[in-house]
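1. turn this into a structure:
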Amino acid sequence: MWEACTGATDYAPGCLRSSLAVLNAGRRSEGLGPVMLPANWAMLTVAEQLFVLTELERTARGLPADGGLAASLNTAAQSGAVSGRDPSSGGRGVQSVWAGGEPNAIVVMADWVYADGIFRDGASENLGCSLRDRAGCWSHRDIILHDRRTMACGSRCMLGAGFAEGGYGAGVSGYGRQSFAEVFAGRGRGPLVFSWATERSQLPACERRGDSCPWVGVPVASANGIHETRGRVTPTQPWFPVGVRSHVWPRGTLTIVVRASVRLVGVSAVASLRAVGRGPQLRRRLTVRRTGTYRFRLSGRLRPGRWRVSIRYRMTRRRGYRPQSVLMLTVPRRA
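-> Coordinates of the predicted model:
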């Protein structure tokens with residue numbers, strides 16, 4: 001798909017279209033809206049483009065944006081890009097990602113976030129992920145989203161980014177030698193040389209409102225090539241780990257405990273039951289109570305039958321992406 005791309009700074013419509021199609025295919029598969037690039041995209045350095053794409057992946061999921069690029073971390077990331085391997089800043093609490101042989105920052109982000117595991121044929125683009133050793137599978141995605149307190153820099157980081165035209169694949173021609181890297185660390189790493197607060201004004205209005213850009217006319221890659229999408233996307237399973245435990249008590253009382261791995265604004269749940277024959281569908285909204293920073297307790301009373309419970313997770317107070325879990329529960333008839 002990359003015949004139209006000559007390198008990371010190729011901003012021809014054909015190259016951008018095919019690159020965004022791959023990234024937006026990943027977005028659509030998770031029920032997210034499409035990526036819309038900022039107005040100054042062609043004026044950004046490749047390192048700045050990596051940072052912007054990182055933050056667009058975070059804000060689309062209701063996660064807080066990172067502060068910006070720090071000079072000291074940029075130096076560490078650039079060193080990794082030049083040497084063609086994961087960079088290191090020499091300090092604790094630092095994580096990094098690296099990619100080589102990719103056409104541009106857009107495709108790099110698509111691989112890091114949406115293609116970081118094992119493909120159906122058993123292959124993987126992640127050098128730390130294989131059928132024999134899965135320890136590193138999806139590690140790039142985890143580092144980029146850093147949505148849990150267990151990550152090295154917490155929920156909000158300072159970044160460094162680097163790019164080298166010849167840091168990878170000696171003897172390979174074209175963009176196959178390009179090398180990309182990012183470093184993530186806690187705050188206090190020196191002054192920012194590029195900030196999200198400043199760049200945010202260059203984004204389309206829908207990107208400034210989180211995940212609210214429409215899908216109409218957006219290119220998406222598929223097995224049959226690139227096609228234009230239309231209409232809305234139905235929310236899918238949550239991208240973050242979530243535990244759901246349910247119990248049906250006598251007399252039809254239902255309790256569900258939800259434990260998420262990220263901080264949620266709220267949770268809602270609706271139980272639906274198809275009546276016998278062609279009767280109307282019964283719907284019951286469950287009561288939700290927050291029992292901890294990451295935990296919720298859902299409860300309600302249901303009549304006997306086979307119920308479908310849809311649990312939706314609110315990532316942000318604004319309207320937009322709300323992933324959901326679906327449970328099938330049976331409420332037995334009383335003896």
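2. please list all residues in contact with the nearest residue to residue 243 once chain neighbours are set aside.
-> The shortest distance from residue 243 to any non-neighbouring residue, by C-beta to C-beta, 6 or more residues apart in numbering, is to residue 259 (4.3 Å). For glycine as for every other residue, the C-beta is placed from the backbone atoms N, C-alpha and C. The contact partners of residue 259, taken as C-beta atoms under 8 Å, 6 or more residues apart in numbering, are 242-244, 294-295.
3. please redo it, this time with the cut-off set to 10 Å
-> 241-245, 291-292, 294-296 (C-beta atoms under 10 Å, 6 or more residues apart in numbering).
4. name the nearest residue to residue 187, ignoring sequence neighbours.
-> residue 158 (5.5 Å).
5. pLDDT score for that neighbour?
-> Note on residue 158: pLDDT of 92.
6. roughly how far apart are it and residue 265?
-> According to C-beta to C-beta, to the nearest Å, residue 158 stands 25 Å off from residue 265.
7. looking at those two, which has the bigger crowd around it?
-> Legend: neighbour count by other C-beta atoms under 10 Å for residue 158 and residue 265, higher for residue 158 (21 against 12).
8. so how far is residue 272 from that one?
-> To residue 272, residue 158 is 46 Å away according to C-beta to C-beta.
9. for residue 220, grab the count of nearby residues.
-> 20.
10. pretty sure it is in a strand, no?
-> Yes: per DSSP: H, G, I helix; E, B strand; the rest coil, residue 220 lies within a strand segment.
11. could you check how far it is from residue 32?
-> Residue 220 sits 12 Å away from residue 32, going by C-beta to C-beta.
12. give the residues shared as contacts by these two.
-> Both residue 220 and residue 32 are in contact with 24, 26, where contact means C-beta under 10 Å, 6+ apart.
13. wait, a strand at the residue nearest to residue 243?
-> Yes: if the criterion is three-state DSSP, then residue 259 is within a strand.
14. residues in a beta bridge with it, which ones?
-> As for beta bridges, residue 259 partners with residue 243, residue 295 under DSSP bridges.
15. from residue 155, how far off is it?
-> Residue 259 sits 17 Å away from residue 155, taking C-beta to C-beta as the criterion.
16. can you check residue 301 too?
-> Taking C-beta to C-beta, one finds residue 301 at 37 Å from residue 155.
17. same question for residue 178.
-> From residue 178 across to residue 155, the span is 31 Å (C-beta to C-beta).
18. thanks a lot, catch you later.
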